[in-house]
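Q: based on what follows, work out the 3D shape:
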Amino acid sequence: FSLHLDGASISTSGAGPILLEGTGIHSGSNFSAGVGIEGGTTIESTSQAATAGAVSIVGIGADGTQSKHGLISRDAGNSLTSAYGNISINGVGGFRSDGNGAVYFGIYLSGLDIASTGTGPDAAKIFIDGVGGDEVTTCYGVRLASGNVSISSIDGDINIVGRGGEASNTSRQTGVLIEDVAFIRSTGTGSDAANLSINGTVGTATAPQTSALASYGVQLTGASTELSTIDGDITIIGSGGDGGVYRHGVNIDATVSSTGTGSEAGNISVNGQGGTTADGWGAFISGSWSTVDGDINITGAGTSSPTRGGEGVRLRDIDLFASSGDGPDAGNISITGSAENRLAVLLENSTGVLSTVDGDITLSDSDESGILVDGFGGFASTGTGEHAGKITIAEKSVSIQNLGTGISSVDGDIFIASQADEVSGTGLALINFGFIESTGTGPDAATITLIGTASDGASFRHGLSVSGSTSQYAVIRSVDGDISVSYTHLRAHETND
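A: Predicted structure coming up:
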């Protein structure tokens with residue numbers, strides 16, 4: 001390490017800032033970093049004034065064969081804390097001047113607790129910004145790994161930004177990689193509550209490629225990884241960047257939650273973009289997702305190369321995806337995708353159910369590339385009365401099949417509509433879906449509306465196709481809500497209700 005903090009204690013109690021900088025030293029194939037933190041080091045700004053001294057740490061990686069990082073913090077017990085002075089951590093990965101190198105992280109944290117403890121608009125903000133080294137493989141902008149890493153704030157925003165390394169040919173050039181950390185948490189309430197933002201971009205490939213290991217703008221993994229808020233918004237943006245192959249926007253398999261209530265409850269937003277000139281998913285979502293009154297919005301744009309492609313939004317291995325709020329402020333769930341030559345939205349291989357009380361559930365695509373629900377748990381709205389959550393799936397080329405349970409609502413309307421593309425012919429396909437049901441009673445009971453419009457053609461052009469299996473009937477039923485089923489055959493220009 002150029003600057004090595006081992007069991008150190010550094011603090012400021014006034015307006016004086018703390019600035020720590022280090023530039024790595026050439027060391028061949030040996031591990032090195034511009035700044036190294038370990039051994040229970042504590043760094044803090046303790047002033048309770050708005051003019052409190054900021055804490056800034058900057059690390060720049062060295063020239064060498066491999067493993068040259070900008071900044072690394074390892075071991076349990078390291079801490080970085082401030083009440084009102086901003087916290088900034090910046091790192092740039094190293095490089096190899098005499099050939100192709102590997103493993104150059106801008107920032108690598110495997111042991112550090114970062115906390116902003118101030119309240120109100122002057123509370124300390126947390127900035128983490130890393131750039132991977134410009135080499136061919138495994139050059140992450142920011143990597144947070146292990147349960148010895150946590151980031152928390154009450155009212156100061158948390159911002160994590162990472163850009164993967166740039167090279168002629170690239171593999172594993174992820175912008176932000178977060179795996180098996182303890183938590184990233186906003187605990188504030190009200191209008192000043194800390195917002196949490198993660199923004200990552202895959203490093204640019206400056207020459208054509210035909211194969212590579214996958215890279216992600218943002219990747220969060222690990223069942224123990226918690227991303228949570230009360231009233232601050234959570235925003236995750238990932239881009240596959242330019243050039244290369246297998247370049248995905250966002251991949252999240254973690255526990256993500258918003259527990260706030262009322263109009264100031266924290267929203268959760270994910271926006272993923274596959275590689276702009278390559279192929280990749282927009283957003284691949286797994287794990288456990290929950291909200292009370294904050295909205296959950298998942299948006300993804302998949303991209304394709306001549307031989308490969310990625311879905312816009314893909315939900316797989318979902319354990320929980322729920323809005324539990326009641327009343328007019330209840331959190332809505334919206335999933336919107338687009339894709340080139342693939343599906344806009346794909347829900348598959350999950351036991352979990354998309355569920356709500358009074359928030360609406362909406363699946364849609366923005367470019368008519370289609371929605372497929374196959375092997376997913378199901379959909380449920382349990383709300384009663386005028387605010388009950390609606391379930392809406394209405395786009396081109398909708399197919400729902402092999403659900404674990406079915407689609408059920410008490411008082412929120414169920415609306416499923418689809419128009420066929422020119423290839424498939426069938427408008428709306430409902431296959432082995434278990435049941436579509438309205439269980440409500442009285443005037444507010446959920447209505448069920450199913451609409452299918454076929455494409456033009458000579459044969460096998462069905463507006464609506466409904467079928468079960470030899471082991472399970474497909475059932476559409478209601479207690480007091482109306483059921484409306486209509487289909488249109490474009491070639492014959494016939495509509496049936």
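Q: in stretch 468-480, what counts as buried?
A: 474, 476, 478 (16 or more other C-beta atoms under 10 Å). Where C-beta positions appear, they are placed from N, C-alpha and C, glycine not excepted.
Q: nearest to Ser73 among those?
A: For the buried residues of stretch 468-480, the minimum distance to Ser73 (C-beta to C-beta) is 55.6 Å, reached by Ala474.
Q: pretty sure the closest one sits against Val466.
A: Yes: counting by C-beta atoms under 8 Å, Ala474 touches Val466, with 6.0 Å between them.
Q: anything in contact with each of the two?
A: When contacts are counted by C-beta atoms under 8 Å, 6 or more residues apart in numbering, Ala474 and Val466 have 430-431 as shared neighbours.
Q: run a quick neighbour tally on His17.
A: Not quite, residue 17 is Pro, not His. 15 (other C-beta atoms under 10 Å).
Q: just checking, it touches Thr51?
A: No: counting by C-beta under 8 Å, no contact exists between Pro17 and Thr51, whose distance comes to 10.6 Å.
Q: stretch 339-353: end-to-end distance?
A: Stretch 339-353 has its terminal residues 24 Å apart, counting by C-alpha to C-alpha, to the nearest Å.
Q: what comes up buried for it?
A: Neighbour count says stretch 339-353 has 339-340, 342-350, 352-353 buried, by 16+ other C-beta under 10 Å.
Q: quick one, strands of the stretch 151-300 of the chain?
A: For the stretch 151-300 of the chain, the strands defined by DSSP state E, counting those that start in this stretch cover 158-163, 176-179, 183-186, 196-201, 215-221, 226-229, 234-239, 247-258, 268-273, 283-291, 296-301.
Q: out of those strands, which is the most enclosed?
A: Most buried of the strands of the stretch 151-300 of the chain by mean neighbour count (mean count of other C-beta atoms under 10 Å) is strand 215-221; its value is a mean of 29.
Q: partners of it, with directions?
A: Paired strands of strand 215-221, with direction, are strand 176-179 (parallel), strand 247-258 (parallel) (DSSP bridges).
Q: identify whichever of these lies nearest to Thr392.
A: strand 247-258 (21.7 Å).
Q: how about the contacts made by Val176?
A: 130, 140-142, 160-162, 198-200, 217-219, 238.
Q: low pLDDT regions in this structure?
A: Applying pLDDT under 70 to the chain flags the ranges 306-307, 422-425, 456-461, 489-497.
Q: need the contacts of Val176 in CSV with distance to Ser369, can you?
A: Listed next are those as CSV, based on distance: C-beta to C-beta, whole Å:
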residue, distance to Ser369
Gly130, 34
Tyr140, 31
Gly141, 30
Val142, 32
Ile160, 31
Val161, 30
Gly162, 29
Ile198, 27
Asn199, 26
Gly200, 25
Gly217, 21
Val218, 23
Gln219, 24
Gly238, 20
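Q: what's the closest of those to Ala102?
A: Of the contacts of Val176, the one sitting nearest to Ala102 (C-beta to C-beta) turns out to be Tyr140, at 11.5 Å.
Q: does the closest one touch Gly164 like I think?
A: Yes: assessed by C-beta under 8 Å, Tyr140 is found in contact with Gly164 at 6.2 Å.
Q: which of those two has more neighbours?
A: Higher neighbour count among Tyr140 and Gly164: Gly164, with 37 against 34, using other C-beta under 10 Å.
Q: quick one: the more buried one from Asn297, how far?
A: 25 Å (C-beta to C-beta, to the nearest Å).
Q: helix/strand/coil for the closest residue to Glu386 other than its chain neighbours?
A: Distance criterion C-beta to C-beta, 6 or more residues apart in numbering; nearest residue to Glu386, sequence neighbours excluded, is Asp444 at 6.5 Å. Three-state assignment for Asp444 (DSSP: H, G, I helix; E, B strand; the rest coil): coil.
Q: who touches Asp444 in this structure?
A: Asp444 touches 384-386, 388, 411, counting by C-beta under 8 Å, 6+ apart.
Q: most neighbours, which of these?
A: Counting by other C-beta under 10 Å, top hit in those: Asp411 with 27 neighbours.
Q: ok, residues contacting stretch 2-16?
A: So stretch 2-16 is contacted by 18, 20-25, 33-47, 49, 51-53, 55, 59, 62, 85 (C-beta under 8 Å, 6+ apart).
Q: list only those of the residues you listed flagged as buried.
A: Applying 16+ other C-beta under 10 Å to those flags 18, 20, 22-24, 33-38, 41-47, 52-53, 55, 59, 62, 85 as buried.
Q: take these and keep only those in strands.
A: Using DSSP state E, 18, 20, 22-23, 33-38, 42-45, 55, 59 are the members of the buried ones among the contacts of stretch 2-16 that sit in strands.
Q: quick check: the two most widely separated of the contacts of Asp444?
A: Thr384 and Glu386 (9.1 Å).
Q: distance of Leu80 from Ile89?
A: 8 Å.
Q: which one's more surrounded, the two?
A: Ile89 (28 against 25).
Q: following whichever strand or helix holds that one, which helix or strand comes up?
A: Remark: Ile89 resides in strand 87-92, with elements defined by DSSP states H and E. Per DSSP H and E, strand 87-92 leads on to strand 107-109 as the next helix or strand towards the C-terminus.
Q: what does that following strand contact?
A: Contacts for strand 107-109 (C-beta under 8 Å, 6+ apart): 33, 59, 69-73, 89-91, 128-130, 140-145, 149, 162.
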